[in-house]
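K.L.:
This is a predicted model, with the sequence first.
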Amino acid sequence: MYQFVTKPALAANVEDLKPDGNTHVYGKSVSAYKTWQNDNGHYSEDGRGLEVINNDGQITKHEFKP
């Protein structure tokens, strides 16, 4: 499983959302990257992604491979 060393900016903002009194919040962000490399015919690829969902302050994170 992958771990991000730093939080993508959108994920950090979604995680910070908090319900206030009679209000509700819902936020979702998806950040991903994918790279390909060709080194004299040797191909490699790498990538990872993170989806963050905030439903009234309950944070759910899903890591995925794009």
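P.N.:
Nice, thanks for sending it over.
K.L.:
contacts and neighbour counts: CA atoms only from here.
P.N.:
Noted.
K.L.:
in this structure, what residue sits furthest out from the centroid?
P.N.:
Computed with C-alpha atoms, centre = their mean, the residue of the chain farthest from its C-alpha average is residue 40, at 32.7 Å.
K.L.:
Helices along this structure, start to end?
P.N.:
9-15 (DSSP state H).
K.L.:
With adjacent residues omitted, what lies nearest to residue 14?
P.N.:
residue 27 (5.6 Å; C-alpha to C-alpha, 6 or more residues apart in numbering).
K.L.:
can I assume the one you found is in contact with residue 55?
P.N.:
Yes - the criterion here is C-alpha atoms under 8 Å, and residue 27 meets it with residue 55 at 6.7 Å.
K.L.:
and the nearest residue to residue 63 once chain neighbours are set aside, what is it in contact with?
P.N.:
Excluding the flanking residues, the one nearest residue 63 by C-alpha to C-alpha, 6+ apart is residue 50, at 4.6 Å. Residue 50 makes contact with 30, 31, 32, 61, 62, 63, 64 under the criterion C-alpha atoms under 8 Å, 6 or more residues apart in numbering.
K.L.:
Inside strands: which ones of those?
P.N.:
Among the contacts of residue 50, the residues falling in strands (DSSP state E) are 30, 31, 32, 61, 62, 63, 64.
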